[in-house]
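Undergrad: please find the sequence and the predicted model below.
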2 protein chains.
Amino acid sequence: MAPRKQREIFTATLDLLADRGYERLTIEGVAERSGVNKTTIYRWWPSKAALLGAALVDADLLAYDAPDTGSLRGDLTALVENVRRLLTRPPAKDVAVAALGAAVHHPELDARRFFTDRLTREGQIFERAVRRGELAPDADPMLIVDLLGGAVWMRAVFRGFDLDDDFAERAVSAVLDGVFPLAR
Amino acid sequence: MAPRKQREIFTATLDLLADRGYERLTIEGVAERSGVNKTTIYRWWPSKAALLGAALVDADLLAYDAPDTGSLRGDLTALVENVRRLLTRPPAKDVAVAALGAAVHHPELDARRFFTDRLTREGQIFERAVRRGELAPDADPMLIVDLLGGAVWMRAVFRGFDLDDDFAERAVSAVLDGVFPLAR
């Protein structure tokens, strides 16, 4: 499929998801909104779960480059800012929250693909940090991104709070430096 | 309302949520399953969102005592184990994941009440840690529980991974000690 056509299909998919929610997302609706024949869409993606899964991974809306600021602290702070933007600012927020909320109830909408893809992209942050001597070679990147990304989700989505401007810096400091200085 | 009757209503509410999901949860269904007249239920909780919100906060199924192990590290490790159990073991898992997933799409189902209640209970962990000199008085308990609880959610629900037996210990160590030892 031509990249431009694919992009139009993905954009229509995410627009419809944000507008209607996952339950009422249909391939017919995506065909109508994108102007691409529905049999063409079905040929590439056999179900709406497969289509949305692919759209989440590849759409520009949710894409971000892994930051490269010169330090692990700078990279992680920029990463938390990316996640914060994704989960708090429309239209990305509407898509990300609808998709992740739906993934909880619909295992066939495989959120793991999205998170695995992002972790692969973020891997270079940790490789550079190990090379620079900032991080032990046996550190666990998935644990670090799950602590930080999970905290944004908890605060912004479950608690429904705004994130202070220094949230990223404070969260990264907790994970890099620890909150236990008195006991050391 | 008599505590026993309330308990029966809450149990019926959470059972129905786990069985049918939030969309198909109804006060009529709760009345039928609990044997309590629906007008009685409506008198106390004007909507299914209000009823479920109250059930989440007060039901025995999702309750846990704030741990008191004698150290901040021990208390936080036990806390992460509690959250892990809640999000990975049926029947608590079915209720917690269904409720939190629904809260994402239904702001009227106020998940904040649940999290505020839990943070209040957990507050004593941090007060004791400050008194013992383990934690700076200006430390941010909400940030600490959001990092840890969010990491369990990310790993167990979004990534769909089992949590290793040492997950709690490793997550707590990351937040207390930091993962940055080489740069100190």
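TA: Cool, got the structure.

Undergrad: for the rest of this, base every contact and every neighbour count on C-alpha atoms.
TA: Will do.

Undergrad: give the other helices and strands that the helix or strand of chain A with the lowest mean pLDDT contacts.
TA: Every helix and strand in chain A was compared by mean pLDDT, DSSP states H and E; the lowest is helix A:92-105, with a mean of 91. Counting contacts by 3 or more Cα pairs under 8 Å, 6 or more residues apart in numbering or on different chains; DSSP states H and E, helix A:92-105 packs against helix A:3-20, helix A:72-88, helix B:92-105.

Undergrad: can you redo those helices as JSON lines with distance to residue B:58?
TA: Output for these, formatted as JSON lines (distance: least, Cα to Cα, whole Å):
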{"stretch": "helix A:3-20", "distance to residue B:58": "33"}
{"stretch": "helix A:72-88", "distance to residue B:58": "29"}
{"stretch": "helix B:92-105", "distance to residue B:58": "13"}
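
Undergrad: out of these, flag the one nearest residue A:109.
TA: With distances scored as Cα to Cα, the stretch of those nearest to residue A:109 is helix A:3-20 (12.6 Å).

Undergrad: next SSE downstream of that closest one?
TA: Sequence order places helix A:27-34 as the next helix or strand after helix A:3-20, per DSSP states H and E.

Undergrad: what are the buried residues along that next one?
TA: A:27, A:28, A:30, A:31, A:33, A:34 (16 or more other Cα atoms under 10 Å in any protein chain shown).

Undergrad: could you tell me how far it lies from the centre of the chain?
TA: Centroid separation for helix A:27-34 versus its chain: 24 Å, with Cα atoms, centre = their mean, to the nearest Å.

Undergrad: quick one: that helix to helix A:3-20, angle?
TA: Computed with axes from the mean of the first three to the mean of the last three Cα atoms, to 10 degrees, the direction of helix A:27-34 lies at 120 degrees from that of helix A:3-20.

Undergrad: who does helix A:27-34 touch, helix- and strand-wise?
TA: helix A:3-20, helix A:38-44.

Undergrad: name the residues that touch the last one?
TA: This points to helix A:38-44. For helix A:38-44, the surrounding residues in contact (Cα atoms under 8 Å, 6 or more residues apart in numbering or on different chains) are A:27, A:28, A:30, A:31.

Undergrad: repeat that for 10 Å
TA: A:1, A:6, A:9, A:27-32, A:45-48, A:50-51 (Cα atoms under 10 Å, 6 or more residues apart in numbering or on different chains).

Undergrad: what helix or strand is residue A:174 on?
TA: With DSSP H and E as the test, residue A:174 turns up in helix A:167-177.

Undergrad: circling back: what's the farthest-apart pair in the contacts of helix A:38-44?
TA: A:1 and A:29, at 19.3 Å, using Cα to Cα across those.

Undergrad: could you dump the least confident helix or strand of chain A to CSV, C-alpha only?
TA: The C-alpha trace of helix A:92-105 is given here as CSV (Å, rounded to 0.1, in the frame of the first residue of the first chain):
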residue,chain,number,x,y,z
ALA,A,92,-3.2,13.0,21.0
LYS,A,93,-4.7,12.6,24.5
ASP,A,94,-8.1,11.7,23.1
VAL,A,95,-6.6,9.0,21.0
ALA,A,96,-4.1,7.6,23.5
VAL,A,97,-6.5,7.5,26.4
ALA,A,98,-9.3,6.0,24.3
ALA,A,99,-6.9,3.4,22.8
LEU,A,100,-5.3,2.4,26.1
GLY,A,101,-8.6,2.4,28.0
ALA,A,102,-10.0,0.1,25.3
ALA,A,103,-7.0,-2.2,25.3
VAL,A,104,-7.8,-3.0,29.0
HIS,A,105,-11.1,-4.6,28.0
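
Undergrad: that concludes my questions; thank you for your assistance.
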